[in-house]
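Student: Here is my input, please return the structure:
(chains A and B)
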Number of protein chains: 2
Amino acid sequence: MQNQATMQPPALAAPANGKPAGVAAAVTTTLDPKLIAPFVSSIRAVFSTMVGVETTVQRPYLKNDETHSFAVSSIIGFSGQVVGSVTLSFQEETAKKLVAKFAGAELGIHDPDFADAVGELANMVAGAAKKDLGGTASITVPSVVIGSGHNIARLRDVPCVVVPCTSPLGDFTVEVSIKRV
Amino acid sequence: MQNQATMQPPALAAPANGKPAGVAAAVTTTLDPKLIAPFVSSIRAVFSTMVGVETTVQRPYLKNDETHSFAVSSIIGFSGQVVGSVTLSFQEETAKKLVAKFAGAELGIHDPDFADAVGELANMVAGAAKKDLGGTASITVPSVVIGSGHNIARLRDVPCVVVPCTSPLGDFTVEVSIKRV
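Tutor: All right, here's what the predicted structure looks like:
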């Protein structure tokens, strides 16, 4: 069984430490850093170009607990030679501010336009990253989860890396849970 | 713009009425019933065979609000000639009972085995339905959402049909939000 973390955050000078505390041995913790770098680039590009907000990507880390919870998540699935999902997660106020800037209108979180806008953000991040992942992969349309206090559970056989992002409109998180097959 | 509901629930004798009350005109409400029948069959088969629970599928209806919320959801994405997602959603107690019966052990909702079990249920339902959908489609690994009071938002350009299911261990919901491309 693989239980040694080999991820090295591609966007940061410091290498990942070998084995984050608290990772259950049974949960997959091996990740190809080449699978994370495209998302770091696409997050910055999409939020800068499409939303008009400069984001700073903090050091990615292996998700090892379920304590973080969010009010809005937008999930894009991958299938083909890369499988898994990427999820953009926000607290409510941050999501509303980012959507207002992106869509040009203030929307409530239960407005269908709100879900479409949040879904489109995830679609652009995943779509821009996909072409740099290597191999062929298809991405799904987004699934948007609304409800304060939810989280996306890890699965045993797909590693999950949390990419923390900060922006002037609030912080958010991108969880990249993919692997090559 | 399509705003006439043409869905006819395949599992029930009574035809669907033409246009459910409360469906916003801007939300896609046209659905090919051939996309729902495979899920009705696969839900019954998977829960009967793999969980050992006989489910009754109630009349499917077009999702027209976001008022239902759940504690556990398992989402499988589709890409290829069929795009969208299918989501199994449960209240906490029902999910725990079904997982206990399926996995043979009582698990808390934050146990990684719990997410894997709920994910596998959705994977089997989607996988069994896929082969009867026609065309070629890929399905993703599951994304499992944990957190009471969440719902999966509708997207404007993919219709969403709610398939209500009852079982001796509790009721649950399958939301089928797919279209042919």
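
Student: and the worst-scoring helix or strand of chain A on mean pLDDT, how far from the chain's centre?
Tutor: Of all regular secondary-structure elements in chain A, judged by mean pLDDT, DSSP states H and E, the least confident is strand A:61-62 with a mean of 92. Offset of strand A:61-62 from its chain centre (Cα atoms, centre = their mean, to the nearest Å): 12 Å.

Student: Indicate whether it makes contact with chain B.
Tutor: No: judged by Cβ under 8 Å from any Cβ of the partner chain, strand A:61-62 makes no contact with chain B; its nearest approach is 13.6 Å. (C-beta placed from N, C-alpha, C; glycine too.)

Student: What of stretch A:113-125?
Tutor: Yes: interface with chain B: stretch A:113-125 contributes A:113-116, A:119 (Cβ under 8 Å from any Cβ).

Student: Could you check stretch A:39-56 and say which residues are buried?
Tutor: When burial is assessed from 16 or more other Cβ atoms under 10 Å in any protein chain shown, stretch A:39-56 yields the following buried residues: A:39-44, A:46-47, A:51, A:53, A:55.

Student: what does stretch A:79-91 give?
Tutor: With the criterion 16+ other Cβ under 10 Å, stretch A:79-91 contains buried residues A:79-80, A:82-91.

Student: and if you look at stretch A:59-66?
Tutor: By neighbour count, with 16+ other Cβ under 10 Å as the criterion, the buried positions of stretch A:59-66 are A:60-64, A:66.

Student: Spatially, which two of the buried residues of stretch A:79-91 are the most separated?
Tutor: A:Gly80 and A:Gln91 (32.3 Å; Cβ to Cβ).

Student: C-terminal to the single longest helix found in chain A, what's the next element?
Tutor: Longest helix of chain A, by residue count under DSSP state H: helix A:112-130. Past helix A:112-130, further along toward the C-terminus, the next helix or strand under DSSP states H and E is strand A:137-139.

Student: Now the terminal residues of stretch A:139-146, how far apart.
Tutor: End-to-end distance of stretch A:139-146 (Cα to Cα, to the nearest Å): 21 Å.

Student: does any part of that stretch sit near chain B?
Tutor: Yes: Stretch A:139-146 reaches chain B (Cβ under 8 Å from any Cβ) through A:139-146.

Student: Am I right that A:Trp122 is in contact with A:Ser89?
Tutor: Rather than Trp, residue A:122 is Ala. No: under the criterion of Cβ atoms under 8 Å, A:Ala122 lies out of contact with A:Ser89, with a separation of 9.8 Å.

Student: Would you mind listing the outside residues contacting stretch A:86-97?
Tutor: A:39, A:68, A:70-76, A:78, A:98, A:106-109, A:114, A:118, A:121-122, A:125-126, A:129, A:148, A:151-152, A:167, A:169-178, B:143 (Cβ atoms under 8 Å, 6 or more residues apart in numbering or on different chains).

Student: just the buried members of those?
Tutor: Those of the contacts of stretch A:86-97 that meet the buried threshold are A:39, A:70-76, A:78, A:98, A:107, A:109, A:114, A:118, A:121-122, A:125-126, A:129, A:151-152, A:167, A:169-170, A:172-178, B:143, by 16+ other Cβ under 10 Å.

Student: Of the residues you listed, which belong to helices?
Tutor: Among the buried ones among the contacts of stretch A:86-97, the members falling in helices (DSSP H) are A:39, A:98, A:114, A:118, A:121-122, A:125-126, A:129.

Student: Please render the residues you listed as a markdown table that adds distance to B:Val161 and pLDDT to the earlier fields.
Tutor: Putting these into a markdown table (distance: Cβ to Cβ, whole Å; pLDDT from 0 to 100) gives the following:
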| residue | distance to B:Val161 | pLDDT |
| --- | --- | --- |
| A:Phe39 | 32 | 97 |
| A:Leu98 | 30 | 98 |
| A:Phe114 | 22 | 96 |
| A:Val118 | 22 | 97 |
| A:Leu121 | 26 | 98 |
| A:Ala122 | 23 | 98 |
| A:Val125 | 28 | 98 |
| A:Ala126 | 25 | 98 |
| A:Ala129 | 31 | 97 |
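
Student: which one of the residues you listed is nearest B:Leu133?
Tutor: Taking these together and measuring to B:Leu133 by Cβ to Cβ, the closest member is A:Ala126, at 23.2 Å.

Student: shaky segments in chain A?
Tutor: A:1-31, A:66 (pLDDT under 70).

Student: any chance you could map the strands in it?
Tutor: Along chain A, the segments classed as strands by DSSP state E run A:56-57, A:61-62, A:70-80, A:82-90, A:137-139, A:143-153, A:161-166, A:172-180.

Student: Neighbouring strands of the third one in the sheet, and parallel or not?
Tutor: Counting by DSSP bridges, the strands paired with strand A:70-80 are strand A:82-90 (antiparallel), strand A:137-139 (antiparallel), strand A:143-153 (antiparallel).

Student: ok, now the second one?
Tutor: Paired neighbours of strand A:61-62 in the sheet (DSSP bridges): strand A:161-166 (antiparallel).

Student: hey, C-alpha coordinates of the strand it pairs with in PDB?
Tutor: The C-alpha atoms that make up strand A:161-166 are tabulated as PDB, following Å, rounded to 0.1, in the frame of the first residue of the first chain:
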ATOM      1  CA  VAL A 161      -4.800  18.100  -2.800                       C
ATOM      2  CA  VAL A 162      -6.100  21.400  -1.300                       C
ATOM      3  CA  VAL A 163      -5.000  24.500  -3.200                       C
ATOM      4  CA  PRO A 164      -5.800  27.500  -0.800                       C
ATOM      5  CA  CYS A 165      -6.400  30.700  -2.700                       C
ATOM      6  CA  THR A 166      -6.700  34.300  -1.400                       C
END
